[in-house]
Each structure stands twice: as structure tokens, then as C-alpha cells.
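Trainee: curious how this folds, go ahead:
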Amino acid sequence: MKRSGLAWVGALGLLWSSGTGCKPGSAPGAGLGGLGVGREQIAARAREVVRAAAESEAPEQRCHALESLAAQGGSEAGEQIRGRLVDRVAAVRFAAAAAAGDVQDPAVRSAGGVLERLLRDEDPSVRLAAGYALEKLGDRRFGGWYDAALGGSDLRLAGQACWLLGKLGETEWRRDSRAKLWQALRRSGATGGGAAVKLQAAEALARLGDREVLPKLLAYAGSGYADDRLMAVSGLESLGGEEATAMLVVLVEDVQIEVRLAAIGALGWRATADQVAAARAALAYQDEQGDAAAMERVRGLAALALGRAGGQADGVALYRAMADKSAYVRVAAARAALDWLRRWTRR
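Mentor: Numbering: from 1, shown residues only. Modelled structure (predicted):
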């Protein structure tokens, strides 16, 4: 079963978390074992795919691109992110402001005060993300910025506030985030959107390293809802430790292929050869019911899992996936390629 209400957090949401599953000291040759595709070609195609998605007419593709740009970093990414801060679609402005905070590009703040203007945006989500970006740049005005959203009736906004608090981490002027997130986790409303806020709060607490949230994550990992288990994967990976890893190993055998693939990606270098092979095979997934959206979702997750758990030769598989007929799969593969390059390129 699937629970609605988790699509507020980024375009690909739970599928793209920040870890890389990096295996220290590994680096391939430039030709990837003689397979004819080098790291430079993979990187160039990834940038091309992300750039095209950032200019897409489809707002969801622009959101996907912004998540990848935040991971990519650099001046080129910063320029594309700045261009989307004035996008006509609020969801894209939200994603752009969050990405601006992630890359911490001072030019974003100084470019005509665009983030300051977004603090007055008509959409409250955009305002929250603008505050996040400015705080990441050192602005200390936003200590109580998320309180109303966390306790308010707008559950989408509450979930976004949880996500942003988790990303902000614990700083000298933000010492009470855990207490606020626990309050959100214990709020009334155990079903529907209220349950989704609790899930997001639990994941954010895991991101902050609060090990007391582990029992909650383990309970969500056993939920009958696939979305709950997906969120649990993200939280368990962020938290780490033997118990969290043991549950990820269990979730690799989940009945839902999306959960299995997310767990493989979360395991990263700890994934077995058979698990990586399963992710590789899922790049060609065909839905038995002919559901195109399900096929895209699975193939995208397969690419993301390979980016974080795949071997040296899997760069070629990701290179090919970046030519998939689905725009969703192409941009997921591009993000995965960034993760793969980070893992397999000697710094």
C-alpha cells in the first residue's frame, strides 16, 4: 500500500538523499576497464542532462534538475540555480531556494537581493526555503522561523519545515531543533497528512543524529505502507549504526521493488554483488500492468542505487540510462552519475 502526502519534499523527495556510500581509496582507469566510456564523458553527459532538465517546460523536471545542481555544485550550477529563483512556479522557486542554501553561493544573496525578495513571496513554502538559504549563508534572523509552520494546520508546510530543520543541522544559534522536531513527531493526527509530518520529523531527527528516534524508524520500516518504509530507509541511512544497517539489509528483501532499490542505495558500498546486480537489472524494468509512471519510478530508483552502490563498470550503465526515453529516468541517472563519479574518482 502507498500513503499519499510525501511528495512535498523536493521533486524526487526521499529518493535523493545526501550520502554517497563512498568506498575509500577506489579509483578506476579513465576508460572504465576498456569499455570505451571515460569519466569525462559521463560527467559531460550528466551536466548536459541536468542543464536540459533545468530548462524544461515541465516544472517537475526543473525541480529534479535543481536537486542535481545542488549536488553538483560549482559556478555553473550556481548560475542555473539563480535563474530559477524567479521561476513562475512556486514549487520550482522552493526547490531553487533550497538548492541555493545547499550550495551556499554568496552570489545568490548579492544578486539583486533575490532571496530577500523571496522572503515576501506569496507562497509560504518559498518563504521558508528562502529563510533556509539565507541562514545557510550566515543570516541569524530566522531562529523561530519554522515554529508556526511546525505547529500549524498546513501539513505540507509542516513537513517542509521538518525537512529544512534537518538540513540546517545544529549550530550555535539553532540548538533547539531536536526539541521542535520531537514536538512535531508527537503531534496529534496519526493518519493521512498528519502521519506524513511525523515521518518527516523522524527522518529529520535521524539526519541530526538523534539516536532516540531509532525505535520510531524501525516501526516505520515495518509499516504496511510502502511510502513509510521508503522514509524509514532514508532515516536509517542518515542515522547509521549496526541496528539501522541490519534493518536496511531486511528491507533489501521488501515485497515492493522501490523499497528494495532504495535500501540497496542506502547500503552503498556494503551492498552485495547480487544486490547491485538486482539494481542493474531494474534499469530495464517493465511494469506488468503497463504502468508507465511505475516503470519510470523503478528505473529511476535503480539508477540512483547504482550511483551509490554500483561498481566501476556501472558508470557505463548510467551513461546509457542518461539517454533513456523518459526525462525522469534521464535526470535520475544524471544525479546517480554524480554520485558514482564522486565515489570512483580519486580526489
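Trainee: ok, how many other residues are close to the nearest residue to Asp123 once chain neighbours are set aside?
Mentor: With C-beta to C-beta, 6 or more residues apart in numbering as the criterion, Asp123 has its nearest non-adjacent residue at 3.9 Å, and that residue is Ala90. Every C-beta, even on glycine, is put in place using the N, C-alpha and C of the backbone. Here the neighbour count serves as a burial measure; for Ala90 (other C-beta atoms under 10 Å) it reads 16.
Trainee: and Ala90, what does it touch?
Mentor: By C-beta atoms under 8 Å, 6 or more residues apart in numbering, Ala90 lies in contact with Asp121, Glu122, Asp123, Ser125, Val126.
Trainee: and these as CSV, adding neighbour count and secondary structure?
Mentor: Compiled in CSV, those are given as follows (neighbours: other C-beta atoms under 10 Å; DSSP: H, G, I helix; E, B strand; the rest coil):
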residue, neighbour count, secondary structure
Asp121, 18, coil
Glu122, 7, coil
Asp123, 15, coil
Ser125, 24, helix
Val126, 24, helix
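Trainee: moving C-terminal of whatever helix or strand Ala98 lives in, what's the next helix or strand?
Mentor: In the assignment (DSSP states H and E), Ala98 maps to helix 90-103. Proceeding C-terminally, helix 90-103 gives way to helix 106-110 as the next helix or strand, assigned by DSSP H and E.
Trainee: outside of the helix or strand following that next one, which residues touch it?
Mentor: Next along the chain after helix 106-110, taking DSSP H and E as the criterion, comes helix 114-118. Helix 114-118 is contacted by residues 82, 85-86, 93, 97, 100, 108-109, 126-127, 129-130, 133-134 when judged by C-beta under 8 Å, 6+ apart.
Trainee: out of these, the closest to Leu318 would be?
Mentor: Distance to Leu318, by C-beta to C-beta, is smallest for Ala100 among the contacts of helix 114-118, at 26.7 Å.
Trainee: compute the number of surrounding residues for the closest one.
Mentor: Burial of Ala100 is recorded as 32 neighbouring residues (other C-beta under 10 Å).
Trainee: list the residues that contact it.
Mentor: In this structure, Ala100 makes contact with Ile81, Arg82, Leu85, Val108, Leu115, Ala133, judged by C-beta under 8 Å, 6+ apart.
Trainee: closest to Leu306 among those?
Mentor: Proximity of these to Leu306, judged by C-beta to C-beta, is greatest for Ile81, which lies at 25.8 Å.
Trainee: so Arg229 is in contact with Tyr220, correct?
Mentor: Yes. Between Arg229 and Tyr220 a contact is recorded at 6.8 Å, counting by C-beta atoms under 8 Å.
Trainee: now the residue nearest to Asp123: how far from Asp121?
Mentor: Note on Ala90: its distance to Asp121, by C-beta to C-beta, to the nearest Å, is 7 Å.
Trainee: in stretch 38-55, what's buried?
Mentor: Applying a neighbour-count criterion of 16 or more other C-beta atoms under 10 Å, one finds 38-39, 41-43, 45-47, 49-51, 53-54 buried in stretch 38-55.
Trainee: chain center to it: distance?
Mentor: What separates the centre of stretch 38-55 from the centre of its chain is 18 Å, taken as C-alpha atoms, centre = their mean, to the nearest Å.
Trainee: what's the answer for stretch 207-215, then?
Mentor: With C-alpha atoms, centre = their mean as the basis, stretch 207-215 stands 19 Å off its chain's centre.
Trainee: what about Gly194, how many residues close to it?
Mentor: By other C-beta under 10 Å, the residues close to Gly194 number 16.
Trainee: to clarify, my last question referred to Ala277.
Mentor: Neighbour count for Ala277, taken as other C-beta under 10 Å: 13.
Trainee: mind checking how far it is from Leu283?
Mentor: With distances defined as C-beta to C-beta, the gap from Ala277 to Leu283 amounts to 11 Å.
Trainee: picking up where we left off before, and the contacts of Ala90, which two are the farthest apart?
Mentor: The distance between the two most remote of those (C-beta to C-beta) is 10.4 Å, for Glu122 and Ser125.
Trainee: hang on, the earlier thing: list residues touching both of Ala90 and Asp121?
Mentor: By C-beta under 8 Å, 6+ apart, no residue touches both Ala90 and Asp121.
Trainee: with adjacent residues omitted, what lies nearest to Tyr146?
Mentor: Excluding the flanking residues, the one nearest Tyr146 by C-beta to C-beta, 6+ apart is Ala161, at 4.1 Å.
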